[in-house]
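Engineer: here are the coordinates; sequence isn't available:
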DNA sequence: AGTTGGGGTTTATCGAAATAGACCTAAGGG
DNA sequence: CCCTTAGGTCTATTTCGATAAACCCCAACT
């Protein structure tokens, strides 16, 4: 299950599905035409690839996701932190914040999340 | 100056420069051959592109960076958070941590970083 | 004068992501 | 019975990131 890597077009496509599943495939073609400017065959091509990779499924013209959005997000964020920050979350956070300032409230929220992940 | 986006090969290359600047271009060719398995022309091709984009510079065969590693890292992390998490750092953090647990010490470090960014 | 090595540029190749064209089959309506 | 439409496949085409081949200039050395 290591193919959680989605390319840009695939990711946008998957987002439409996460936001609308379960969705009929013909409706999906319409939606992609509208939101992404895709032709019918483009939609089916990408859909098939993601189905083959086990990310989505298409049964009786009903498309659903087999992989949760959070799993893909986690994969992406982990990949970035590993690639650019030695796997170090503090390094990531330092870079992300830079000179940026956050409000008291955001800070509390973040600390809460950290608290909950502390063993 | 909005072209801080580096592709994978470009990023690896830039890392070598950040780690070794200032570096003579011929030495850089050697280094890339060793570390990345690149031919001379590959090195010069990528070098030129990054110079044209203002990321690096090559003056009298001495290569240096014009953009700081931190700026690229900040751009990358910001881009990810915007693309996948609505620009919300808490959402990112939640996804990144998932079921993962962190040690007391890491938690302290993170909270410290947050503290410093709180206005 | 010929060769070697440093310092490059210009143009090409190659694979893969992104997108689409052409075509196919089955069901249903007039 | 023909035509349309839903639902889909298979095979291009286009684009671009990654990599390199071939070539060029010039200074130094022999």
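Structural biologist: Looks like it came in fine. These numbers were taken from a predicted model, which means no experiment stands behind them.

Engineer: mind listing what the residue lying closest to residue A:103 once chain neighbours are set aside touches?
Structural biologist: Of all residues not flanking residue A:103 in the chain, residue B:119 sits nearest, at 6.9 Å (Cβ to Cβ, 6 or more residues apart in numbering or on different chains). C-beta here means a position set from N, CA and C on the backbone, and glycine is covered the same way. Going by Cβ atoms under 8 Å, 6 or more residues apart in numbering or on different chains, residue B:119 touches A:101-104.

Engineer: which segments of chain A make up each domain?
Structural biologist: A:8-69, A:75-117 (automatic domain parsing).

Engineer: can you give me the end-to-end distance of the first one?
Structural biologist: Start-to-end span of domain A:8-69 (Cα to Cα, to the nearest Å) is 14 Å.

Engineer: right, is that domain up against DNA strand D?
Structural biologist: Yes: using Cβ under 7 Å from any atom of the strand, domain A:8-69 comes into contact with DNA strand D via A:24-27, A:40-41, A:44-45, A:48, A:58, A:60-61.

Engineer: which one of those residues is nearest chain B?
Structural biologist: residue A:45 (22.8 Å; Cβ to the nearest Cβ).

Engineer: element containing that closest one?
Structural biologist: Assigned by DSSP states H and E, residue A:45 belongs to helix A:40-52.

Engineer: in that helix, what counts as buried?
Structural biologist: A:42-44, A:46-47, A:50 (16 or more other Cβ atoms under 10 Å in any protein chain shown).

Engineer: how about stretch A:107-119?
Structural biologist: Applying 16+ other Cβ under 10 Å to stretch A:107-119 flags A:107, A:109-111, A:113-114, A:117-118 as buried.
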